[in-house]
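Undergrad: Sequence first, predicted coordinates after that:
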Amino acid sequence: MSEPTLLVASNRGPLSFVESDDGSLLPSRGGGGLVSGLSGLGASDSQQVVWVCAALTDGDRAAARQAPGGRLDRAGHDTAGTAVRMLDIDPTTFHRAYNAIANSTLWFIHHLLYATPTAPNFDAGFRREWASYVAYNRAFAEALAEDAAEGAKVLVQDYHLTLLPRQLRDLRPDLRIAHFSHTPWAPVDYFRLLPADVARDTLLGMLGADHAGFHSPRWARAFAACCAEVLGAEIGGDDDMNVSYAGRTTHLGVHPLGVDAESLRARAHEDDVESRVTALRRKLEDRQAIIRVDRTELSKNIGRGLLAYRELLRRYPQWLGKVTHLASAYPSRHDLPEYREYTAHVQRLAADIEDEFGTDDWRPLILTVTDDYARSLALYRVGDVLLVNPVRDGMNLVAKEVPVLSEDGCVVVLSTEAGVADEFGDDALLVNPFDISGTADALHAALSMSGDERRDRTVRLAAASTALPPARWLSDQLDAI
């Protein structure tokens, strides 16, 4: 293969491997909007594409070691026309970079999750972890610099790789680099919880890109404010979307990732989903369904959502026996103790609600703590009300997927702190994610809404949700560089 003219860098790649009983490696294709979008950017006569990612599992590491230089397309694997280079990073370095820094520091900073009387504590252990994060980003920079053709374009994805744009620019100043943040960006006063040098290096890493993309104007403005206050950078251009520092200018862009409606609808009508829809409708009978689908992730605010549902049943007893809350909260990051305890907390709350309100012929709440994508799609189709109440969220694709699949209209009760709230506006019922009583009132209003209004809102939300599907989302960023 000739040198790539387009490269994508992300922690998780489009292939994953498990080792079978006979020792062979079984690949599966990755899911998600990024993989779907990249499928339209495969190799052609004018463009060679490579996706650089980390080996995440034992199977991934074995595959990377067997492939020449970790280049899986050269080892006989089907990569759909896109070359994949999987980096076998030292497991200790990876753990510190991924779990300790990306998921336990940067994620907490951008989602405002710290209980500041006791955390964070930036000590000598943190400095070892930060050094691993630097090394993890550098491994990507060196691989990209080695593979990229002269003047190639590079799309860097998310908070795992905030240092990469600058590191790569130092190695290959000829490249055109874009970075996209799928998370929110912290306001400047909260961002300054980071040690001063770490805060500076994080911002400087991002400013190594020619273009920095975000899901929401709020997150772009917050990033610019951090650059101005922490670095003394100059903010200018149309809508203050240029950040200039040390002789370079990075343009900020807003690219709110949307849904590929055609492929989503096709998947949602396959046999495994149809069977689950039938079972759910039998279970619901003539009751309305409040649905939610989330990872058991601290920022998703599942606990307060359950408290709001409990308050709904206490303050609006007319809904007793007439509504069921179908909640899918599948496990997330269970190698971190905070997440294991949070999952247990959610399960305890659910049990308390069932004990308080359940009767012989009515289950008020059905909580499923498993990763069952077919069941999630079935919930999308049968739901009357969707509750999405994160403390903070870069976008939230569930809020966009449900209106596309809803069969009879679904009211979206939505946190103001989700990036998607910027697009949904008054067509959703917006709530303060900390206001349990306000969320209970919004659930009551949603359940009481007429069918015609519910369907009209859903049509408008579906149009907003599909405005920037994954392939166009990626191409817009390519156009920007």
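TA: Great, that's in hand.

Undergrad: what separates the residue nearest to Y316 when sequence neighbours are not counted from S10, distance-wise?
TA: For Y316, the nearest residue in space outside its immediate sequence neighbours is H444; the separation is 5.0 Å by Cβ to Cβ, 6 or more residues apart in numbering. Quick note: C-beta positions are derived from backbone N, CA and C, even for glycine. For H444, the distance to S10 under the criterion Cβ to Cβ, to the nearest Å works out to 41 Å.

Undergrad: try T93
TA: Taking Cβ to Cβ as the criterion, T93 is separated from S10 by 17 Å.

Undergrad: that's a strand at V50, yeah?
TA: Yes - secondary structure of V50, determined by DSSP: H, G, I helix; E, B strand; the rest coil: located in a strand.

Undergrad: looking at it, it is touching A83, isn't it?
TA: Yes - because the distance of 4.2 Å satisfies Cβ atoms under 8 Å, V50 is recorded as touching A83.

Undergrad: Which helix or strand contains the residue lying closest to Q48 once chain neighbours are set aside?
TA: The shortest distance from Q48 to any residue other than its chain neighbours is 4.6 Å, reached at P4 (Cβ to Cβ, 6+ apart). Using DSSP states H and E, P4 falls within no helix or strand.

Undergrad: what about P4, neighbour count?
TA: Residues contacting P4 under the criterion other Cβ atoms under 10 Å number 24.

Undergrad: again with R315
TA: The local packing of R315 (other Cβ under 10 Å) involves 12 other residues.

Undergrad: got the CA coordinates for whichever strand or helix holds L155 in CSV?
TA: Of the helices and strands defined by DSSP H and E, L155 is found in strand 153-157. Backbone C-alpha positions of strand 153-157 (Å, rounded to 0.1, in the frame of the first residue of the first chain) are rendered in CSV as follows:
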residue,chain,number,x,y,z
LYS,A,153,-4.6,14.8,6.8
VAL,A,154,-5.0,13.4,10.3
LEU,A,155,-8.2,13.2,12.4
VAL,A,156,-7.5,12.7,16.1
GLN,A,157,-10.3,11.6,18.3
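
Undergrad: where exactly do the helices run in the stretch 201-350 of the chain?
TA: With DSSP state H, counting those that start in this stretch as the definition, the stretch 201-350 of the chain shows helices at residue ranges 217-226, 261-267, 271-284, 302-315, 337-357.

Undergrad: low-scoring stretches of the stretch 251-400 of the chain, by residue?
TA: 334 (pLDDT under 70).

Undergrad: show me the residues around the residue most central in space within the chain that make contact.
TA: With distances taken as Cα atoms, centre = their mean, the chain has H182 as the residue nearest its mean C-alpha position (5.8 Å). Under the criterion of Cβ atoms under 8 Å, 6 or more residues apart in numbering, the contact partners of H182 comprise Q157, D158, Y159, H215, L257, G394, M395.

Undergrad: so which of these comes closest to L326?
TA: Compare each of the contacts of H182 with L326 using Cβ to Cβ and the shortest gap goes to M395, at 22.8 Å.

Undergrad: Near the closest one, how many other residues are there?
TA: Using other Cβ under 10 Å, M395 has 25 other residues around it.

Undergrad: what about it, is that helix, strand or coil?
TA: Once three-state DSSP is applied, M395 turns out coil.

Undergrad: how big is the angle separating the helix ranked longest in the chain from strand 153-157?
TA: In the chain, taking DSSP state H as the definition, the longest helix is helix 124-147. Helix 124-147 runs at 150 degrees relative to strand 153-157, counting by axes from the mean of the first three to the mean of the last three Cα atoms, to 10 degrees.

Undergrad: What's the per-residue pLDDT of T82 here?
TA: Looking at T82, its pLDDT stands at 77.

Undergrad: Pretty sure it sits against C53.
TA: No - applying Cβ under 8 Å as the test, T82 and C53 come out as separate, 11.1 Å apart.

Undergrad: which of the two has more neighbours?
TA: Of the pair T82 and C53, C53 is the one with more neighbours under other Cβ under 10 Å, namely 26 against 22.

Undergrad: Where does that one sit, in terms of helix or strand?
TA: C53 belongs to strand 49-54, assigned by DSSP H and E.

Undergrad: Tell me the strands beside that strand, with direction?
TA: In the sheet, strand 49-54 lines up against strand 6-9 (parallel), strand 83-87 (parallel) (DSSP bridges).

Undergrad: Pop out the phi and psi values for the most far-flung residue of the chain relative to its centre.
TA: For the chain, the C-alpha farthest from the mean C-alpha position belongs to D360; by Cα atoms, centre = their mean, that distance is 39.0 Å. Here the main-chain torsion angles of D360 (degrees, to the nearest 10) amount to phi -60, psi -30.

Undergrad: What of G151?
TA: Here is the backbone geometry of G151 (degrees, to the nearest 10): phi 70, psi 20.

Undergrad: my guess is the residue nearest to Y316 meets L312, correct?
TA: Yes - in this structure H444 lies within contact range of L312 using Cβ under 8 Å: 6.0 Å.

Undergrad: which of these two has more neighbours?
TA: Between H444 and L312, L312 has the larger neighbour count (other Cβ under 10 Å), namely 25 against 18.

Undergrad: Greatest separation within the contacts of H182: which pair is it?
TA: Of all the pairs that the contacts of H182 form, the one spanning the most space (Cβ to Cβ) is Y159 and L257, at 15.3 Å.

Undergrad: who has more neighbours, T93 and S10?
TA: It is S10, of T93 and S10, that has more neighbours when counted by other Cβ under 10 Å, with 24 against 17.

Undergrad: Provide a list of residues in contact with the more buried one.
TA: The contact partners of S10, by Cβ under 8 Å, 6+ apart, come to L34, W51, V52, C53, V156, Q157, D158, H160, L161.

Undergrad: which residues of the stretch 301-450 of the chain fall in strands?
TA: 323-330, 365-368, 385-388, 411-415, 429-431 (DSSP state E, counting those that start in this stretch).

Undergrad: How is this protein divided into domains?
TA: Taking automatic domain parsing as the criterion, the chain consists of the domains 6-91+134-257+471-480, 261-465.

Undergrad: chain center to the last one, what's the gap?
TA: Here domain 261-465 is found 17 Å from its chain centre; the criterion is Cα atoms, centre = their mean, to the nearest Å.

Undergrad: Need the distance between the two termini of it.
TA: Length of domain 261-465, first residue to last, Cα to Cα, to the nearest Å: 9 Å.

Undergrad: again with the first one
TA: Between the opening and closing residues of domain 6-91+134-257+471-480 we find a distance of 14 Å, counting by Cα to Cα.

Undergrad: now it, how far from the centre of its chain.
TA: Relative to the centre of its chain, domain 6-91+134-257+471-480 is centred 14 Å away, using Cα atoms, centre = their mean.

Undergrad: ok, now which ones touch G237?
TA: For G237, the set of contacting residues under the criterion of Cβ under 8 Å, 6+ apart consists of H251.

Undergrad: same check, this time on the one 3 residues further on
TA: The contact partners of D240, taken as Cβ under 8 Å, 6+ apart, are R221, A224.

Undergrad: Next, work out how far apart it and A228 are.
TA: When distance is defined by Cβ to Cβ, D240 is 9 Å away from A228.

Undergrad: Can you report how many residues neighbour I436?
TA: Under the neighbour criterion other Cβ under 10 Å, I436 is assigned a count of 21.

Undergrad: hang on, the earlier thing: switch the contacts of H182 over to a markdown table; also include distance to F223.
TA: Listed next are the contacts of H182 as a markdown table, based on distance: Cβ to Cβ, whole Å:
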| residue | distance to F223 |
| --- | --- |
| Q157 | 16 |
| D158 | 14 |
| Y159 | 12 |
| H215 | 12 |
| L257 | 17 |
| G394 | 12 |
| M395 | 15 |
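
Undergrad: Fine, thanks again, bye for now.
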